[in-house]
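In: Model the following, please.
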Amino acid sequence: MKLKTFKRGVHPYGGKELTMDCPIVKLDAEDIMVFPLNQNLGAPSKPIVSKGDRVLKGQMIAEAGGFIGAPIFSSVSGTVKGIEKRLTINGSKVDCIVIENDRLDETVEGFGEERSLDDLTGEQIIEAVKNAGIVGLGGAGFPTYVKLSPKNAHDIDTIIINGAECEPYLTSDYRLMMEKPEEILRGAQAILKIFPKAKAYIGIEDNKPDAIETMTRIARIDDRIDVCPLKTKYPQGGERQLIYAVTKRKIHSRMLPADKGCIVDNVGTVFAIYEAVYKNMPLIHGIVTVTGEAVNEGANFDVPLGVSHRYVLESAGGAKETAVKYISGGPMMGFAMGSIDVPIVKTSSSILVFEKDDVADAKETNCIHCGRCVLACPQSLVPQLMGQAMKKENIEEFEKLGGMECIECGSCAFVCPAKIPLTQMFKLGRVKVREEKAKQK
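Out: Purely as a prediction, here's the structure:
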């Protein structure tokens, strides 16, 4: 079987073997739960509870702050202690709803009630996803109901379920596919009901043969769903790269996948859609991988949103004394954390702990014009020239060189022998371009 893929990319050490055989273990909630209000791309959510209020598990505690927004729900029953500034993953302090868990686990009315897909229209499915507060769980947290409501819905012919999990070390999606394949399939069927002309493809890298076999066996019951084996290569799970690998359609920064007839959702998002549509459950938990050479025991946990990273890490036996670096997310695109006393949010996928900090230890030297960054870039850019433009603070030149097409995957910096922090430079450049355009408007 010929594996599908995209052009260029890199092959970092995978590290999957550390936790891929670790079944998902359900964790209890903590005594104090913290819910940041900025858990999605777009406007922060607006609190609808006050200090002293009693809340139930599954109750909405913050409403969407705008069209590009999503509500937040409590994962426990208890009492609101207050709304206060708390530290979050990226090191900033934001408004958070703090709830004291009463350990009664009382749920809102209707929580977990079975529903039949046959009884729901496409519009009702989208509404269920919206009301459940689901956002993209494989990336920046874009509200899923918006993605499922394109202006050209009648043109959508391809649904891509992203099971690539191309980031090194992460195995949460893999374990979800191994342990909840029927639920993922039913979530995909709910999406297909919204787009009756579409067919769904579950993209899985070939370093997960068991997942390919499991999902292929399950998908046989629906002729509108196929499994698409992919070559193991980073960033295979990037939206543009995945669309190209499956369909050979090209997407650029001024386009949405829907413009090319595609909708892309991560397998974790599809599982959340299953729970919202079939079980009337909002998004209040997620699967988190704890791994890395400096973790005592690798694990995959089913975690209530609002617990701390420290609590999850300690549930895996804690970190070794040699630990020097903690990352939320994957090593290529995740956040290095200055503190692990920060809450798990909707987009949390892993806690990585390492004995070395390759970024901090790297000593930058002059570019030797080797061209490795060009050969690695999945967007066919020339990072070397983009980097020169950024060092000269020439934002106009950076944009002309295609800077806004950069997906910030880190492939160029990964292969650079001069250890030039290209990705960080391009992130800054993209921010400056957006700021300049906002000023012009």
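
In: Now stretch 381-399: average pLDDT?
Out: The average pLDDT for stretch 381-399 rounds to 95.

In: Extract the C-alpha set from it and format it as PDB.
Out: Provided in PDB are the C-alpha atoms of stretch 381-399 (Å, rounded to 0.1, in the frame of the first residue of the first chain):
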ATOM      1  CA  LEU A 381       9.500  28.800   1.800                       C
ATOM      2  CA  VAL A 382      13.100  30.000   2.100                       C
ATOM      3  CA  PRO A 383      13.500  30.400   5.900                       C
ATOM      4  CA  GLN A 384      17.100  31.500   5.400                       C
ATOM      5  CA  LEU A 385      16.000  34.700   3.600                       C
ATOM      6  CA  MET A 386      13.100  35.200   5.900                       C
ATOM      7  CA  GLY A 387      15.400  35.000   8.900                       C
ATOM      8  CA  GLN A 388      17.700  37.600   7.300                       C
ATOM      9  CA  ALA A 389      14.700  40.000   6.800                       C
ATOM     10  CA  MET A 390      13.700  39.600  10.400                       C
ATOM     11  CA  LYS A 391      17.300  40.300  11.700                       C
ATOM     12  CA  LYS A 392      17.100  43.500   9.700                       C
ATOM     13  CA  GLU A 393      13.600  44.200  11.100                       C
ATOM     14  CA  ASN A 394      12.400  44.400   7.500                       C
ATOM     15  CA  ILE A 395       8.800  43.200   8.000                       C
ATOM     16  CA  GLU A 396       7.800  44.200   4.500                       C
ATOM     17  CA  GLU A 397      10.500  42.000   3.000                       C
ATOM     18  CA  PHE A 398       9.500  39.200   5.400                       C
ATOM     19  CA  GLU A 399       5.900  39.300   4.200                       C
END
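
In: ok, residues contacting that stretch?
Out: In this structure, residues lying in contact with stretch 381-399 by Cβ atoms under 8 Å, 6 or more residues apart in numbering are 367, 369, 371, 373-374, 377, 401-403, 405-406, 412, 420, 422, 425-426, 428-429, 432-433, 436. From N, CA and C alone the C-beta is placed, and that goes for glycine too.

In: roughly how far apart are the residue nearest in space to the middle of the chain and T269?
Out: With distances taken as Cα atoms, centre = their mean, the residue of the chain nearest its centroid is G138 (2.2 Å). G138 sits 7 Å away from T269, taking Cβ to Cβ, to the nearest Å as the criterion.

In: got it, and N296?
Out: To T269, N296 is 31 Å away according to Cβ to Cβ.

In: now do Y201
Out: 15 Å.

In: Equivalent analysis for I251, please.
Out: 19 Å.

In: And these two? Which one has more around it.
Out: More neighbours surround T269 than the other of I251 and T269, with 26 against 19 (other Cβ atoms under 10 Å).

In: Quick check: buried residues in the helix or strand the more buried one falls within?
Out: Secondary-structure assignment from DSSP states H and E places T269 in helix 267-279. Using 16 or more other Cβ atoms under 10 Å as the test for burial, helix 267-279 gives V267, G268, T269, V270, F271, A272, I273, Y274, E275, A276, V277, Y278.

In: Specify which member of these is nearest to H309.
Out: Checking the buried residues of helix 267-279 against H309 by Cβ to Cβ gives G268 as the nearest, at 17.9 Å.

In: And the pLDDT for the residue of the chain positioned farthest from its centre?
Out: Relative to the centre of the chain, the most outlying C-alpha is that of I368, 34.9 Å out, by Cα atoms, centre = their mean. pLDDT recorded at I368 is 94.

In: any idea how far G403 is from it?
Out: Taken as Cβ to Cβ, the span from I368 to G403 is 22 Å.

In: which SSE is Q424 in?
Out: helix 422-440.

In: which secondary structure elements does that helix contact?
Out: The contact analysis (3 or more Cβ pairs under 8 Å, 6 or more residues apart in numbering; DSSP states H and E) places helix 422-440 against helix 383-391, helix 395-400, helix 411-415.

In: Of the ones you listed, flag the one that's most buried.
Out: A comparison of the helices and strands packed on helix 422-440 by mean neighbour count, using mean count of other Cβ atoms under 10 Å, puts helix 411-415 on top with a mean of 24.

In: Who are the packing partners of that one?
Out: Helix 411-415 packs on helix 372-376, helix 422-440, going by 3+ Cβ pairs under 8 Å, 6+ apart.

In: Same list (those helices) but as JSON lines, adding mean neighbour count.
Out: As requested, the helices and strands packed on helix 411-415 are exported to JSON lines (neighbours: other Cβ atoms under 10 Å):
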{"stretch": "helix 372-376", "mean neighbour count": "19"}
{"stretch": "helix 422-440", "mean neighbour count": "15"}
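
In: Now tabulate those helices in CSV and tack on mean pLDDT and distance to R8.
Out: Output for the helices and strands packed on helix 411-415, formatted as CSV (pLDDT from 0 to 100; distance: least, Cβ to Cβ, whole Å):
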stretch, mean pLDDT, distance to R8
helix 372-376, 97, 6
helix 422-440, 91, 15
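
In: I'd like to know which of those lies nearest to T322.
Out: Closest among these, once you apply Cβ to Cβ, is helix 422-440, at 26.0 Å.
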